[in-house]
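Q: Here is the input, now give the coordinates:
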Amino acid sequence: MFGCSVKNEQLAERHVPNKIQVLNFGTFHFGYTPDAHKTEFDEASDDSKQQAREVARLLAQFKPTIIVVEKLPKYDEQLNQAYQEYLNDPAELSHKDGEISMIAFEVGRLSNVKRLYGIDNHMGYNYSVGDYIEGTPELTNSIDPKTYLQITNEPYRDQSEIAEREKRFDQMSLLEKLKLFNEPAQMDYSINTNADKLLYVGIDDGFEGADNAAIFYQRNMRIYSNLNRIPMTKDDRVFILMGRAHTAFLREFIKRSPKFEMVDTLKYLEEH
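A: Just a heads-up that it's a prediction; the model follows:
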């Protein structure tokens, strides 16, 4: 117990006065996702639920006062109705809302948070425009196919340690997977694979890749604007649970923010 309390004390953040602390946490989607990249995870199994509770226990050490999730704000009423139902009967971890009900609800319960906020925004864009151009014989990528294909096929070419961990991904525990997801190199990869690699794609003098990447940038800027709609004081502590690509963009915005300060996510995923 003594060792655990010492580690808990070490988690206390020394932060800039008048800035709001943020635990900006990225995950894969536990259930259905329209995203281009899907991680296999049996969210209904007892083992998965137990692993999710352990991750939530570690994250709850942050002691958030505000929790935001990847849900449209217009669904906040339904979101919080489901959250209240869980608070009334927390014995069974629901997987109905994937990582939201399995992680965010339990972090909220452990931290005595009264309600959750959705900050998502939906915009349609073509993840696959680059692959389509590269895979269509009558079309030619006239910008930089070499770099595009390198990012697509060898995203961790210069990061051997991350590449080796990626090879073992399917054998990892949920906690190990989420630790990997929240590595800075993985955040950079997520922006590259979801948006920036499209900046190397275009037909003739067109901007098919850049125009689609701009839509994804815009979506994430809108998400950040939704975060800023939530009333907060300097004493609040904000836990953000989003898909990794959104987490990566929020990281970039928060880095420059005069309002927020990010804590070290990986510190809160240390087992003890």
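Q: would you list every one of the helices in the stretch 151-272 of the chain?
A: Along the stretch 151-272 of the chain, the stretches classed as helices by DSSP state H, counting those that start in this stretch are 160-167, 174-181, 184-194, 208-229, 244-255.
Q: and these, which one is worst for confidence?
A: Note on the helices of the stretch 151-272 of the chain: lowest mean pLDDT is at helix 160-167, with a mean of 84.
Q: nearest to residue 136, of the helices of the stretch 151-272 of the chain?
A: Set against residue 136 and scored by CB to CB, these come closest in helix 208-229, at 11.8 Å. All C-beta spots, glycine's among them, are computed from the backbone N, C-alpha and C.
Q: Give me the distance from that closest one to the chain's centre.
A: Averaged C-alpha coordinates place helix 208-229 at 15 Å from its chain's average position (CA atoms, centre = their mean, to the nearest Å).
Q: what does that helix contact?
A: With contacts defined as CB atoms under 8 Å, 6 or more residues apart in numbering, helix 208-229 is touched by 68, 73, 118-127, 129-130, 133, 143, 194-202, 238, 240, 242, 245-246, 249-250, 253, 259.
Q: which of those count as buried?
A: The neighbour count (16 or more other CB atoms under 10 Å) marks 68, 118-121, 125-127, 129-130, 133, 143, 194-202, 238, 240, 242, 245-246, 249-250, 253 as buried among those.
Q: now the strands: where do they sit in the stretch 1-150 of the chain?
A: Ranges of strands in the stretch 1-150 of the chain, per DSSP state E, counting those that start in this stretch, are 20-27, 66-69, 116-118.
Q: Quick check, pLDDT for the closest residue to residue 102 other than its chain neighbours.
A: The shortest distance from residue 102 to any non-neighbouring residue, by CB to CB, 6 or more residues apart in numbering, is to residue 52 (4.2 Å). For residue 52, the pLDDT comes out at 95.
Q: returning to that earlier point: tell me which of the strands of the stretch 1-150 of the chain sits nearest to residue 173.
A: Using CB to CB, the nearest of the strands of the stretch 1-150 of the chain to residue 173 is strand 20-27, at 13.9 Å.
Q: who does that closest one pair up with?
A: Using DSSP bridges, strand 20-27 pairs in its sheet with strand 237-243 (parallel), strand 260-262 (parallel).
Q: tell me the angle that strand makes with helix 244-255.
A: With axes from the mean of the first three to the mean of the last three CA atoms, to 10 degrees as the basis, strand 20-27 and helix 244-255 are set at 160 degrees to each other.
Q: Distance-wise, check the closest residue to residue 118 other than its chain neighbours relative to residue 99.
A: The shortest distance from residue 118 to any non-neighbouring residue, by CB to CB, 6+ apart, is to residue 71 (3.2 Å). The spacing between residue 71 and residue 99, counted by CB to CB, to the nearest Å, is 11 Å.
Q: Looking at the two, which is more packed in?
A: Ranked by neighbour count (other CB atoms under 10 Å), residue 71 and residue 99 place residue 99 first, with 25 against 20.
Q: Pull the contacting residues for the more buried one.
A: Residue 99 touches 27, 28, 29, 30, 52, 241, counting by CB under 8 Å, 6+ apart.
Q: Good, we can wrap up now.
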